[in-house]
Structure formats: C-alpha cells, structure tokens
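fold the following and give me the result.
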Amino acid sequence: MNMQKLMKQAQKMQADMARLQDDLKDMLVEAASGGGMIKVTANCKQEIVAIQINPEVIDPDDVEMLEDLLLAAVKEAQRLAGERSADEMQKITGGMGLPPGLF
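This next block holds a predicted model:
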C-alpha cells in the first residue's frame with residue numbers, strides 16, 4: 001500500500017471519528033431499576049440527560065432504597081452508553097485495534 005493512500009485513509013478515519021464524537025451526544029440509551037420505577041437516560045458521551053422517578057418508589061422512611069435504585073440505574077445507563085460508543089467507534093476503525101484517542 002502506498003503512503004499517499006494510507007494517509008488518505010487515515011484522514012478519512014479521523015474525519016469520521018470527529019463526526020462520531022459530535023453524534024455521540026445525540027445517541028441516547030435508557031436504563032431502569034426497581035422494575036422500571038427509576039429510569040435514567042444518558043447520551044453516548046456518558047452524560048446523564050434525564051431521570052424519571054415513579055412517585056410510588058418515594059418512601060420518606062426508606063431514602064436509602066431510593067438512593068440505591070437511582071445509583072443502579074445511573075451506573076447501568078453509563079455502562080450502556082459506553083458500550084454503544086465503543087460499538088460505534090468499532091464501526092469506524094473496522095476492528096483495527098487502535099488505541100483510544102489516536103484520532
């Protein structure tokens with residue numbers, strides 16, 4: 001493979017990755033805990049963008065349960081966002097095994 005062709009491919013991959021970084025903020029995932037009583041929505045930059053709490057789960061005498069459910073939903077939303085982001089990145093790099101941040 002000649003060097004010029006390799007450079008063009010690298011430039012295209014870099015542009016695709018920059019575009020994906022912009023798109024990740026609009027890709028949403030949702031996670032729930034407590035049988036759907038708590039729902040957390042995150043974008044694929046792993047930023048929490050919405051939290052829904054069913055009023056039935058709010059018990060002033062058991063705040064710890066609400067905190068645990070909320071934490072579980074947030075962690076799951078972040079995990080899902082990370083997976084989706086990695087999947088999208090994999091589509092661009094084509095499984096080349098490039099280290100994160102290279103482009």
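
and the gap between Ala72 and Ile92?
Distance from Ala72 to Ile92, counting by CB to CB, to the nearest Å: 31 Å. Bear in mind the C-beta positions are built from the backbone N, C-alpha and C, glycine included.

surely Leu24 and Ala42 touch.
No. With contacts defined as CB atoms under 8 Å, Leu24 does not count as touching Ala42, sitting 10.6 Å away.

between the two, which one's more packed in?
A direct count of neighbours by other CB atoms under 10 Å for Leu24 and Ala42 places Ala42 higher, at 26 against 18.

that one: what's it in contact with?
Remark: with contacts taken as CB atoms under 8 Å, 6 or more residues apart in numbering, Ala42 is in contact with Leu28, Val29, Glu30, Ala31, Ile48, Val49, Val74, Ala77, Gln78, Leu80, Ala81.

what sits opposite Val40 in the beta ladder?
Ala31, Ile51 (DSSP bridges).

and it, how many residues sit next to it?
26.

with the one 4 residues further on instead?
By other CB under 10 Å, the residues close to Cys44 number 24.

same check on Met17?
16.

equivalent analysis for Gln9, please.
11.

average pLDDT for the host helix or strand of it, rounded please.
Using DSSP states H and E, Gln9 falls within helix 3-24. Mean pLDDT, computed over helix 3-24, is 87.

what's next to that helix, contact-wise?
Judged by CB under 8 Å, 6+ apart, the contacts made with helix 3-24 from elsewhere in the structure are Asn43, Cys44, Lys45, Ser85, Glu88, Met89, Ile92, Thr93, Phe103.

at 6 Å instead, please
Contact with helix 3-24 is made by Cys44, Lys45, Ser85, Glu88, Ile92, Phe103, as judged by CB atoms under 6 Å, 6 or more residues apart in numbering.
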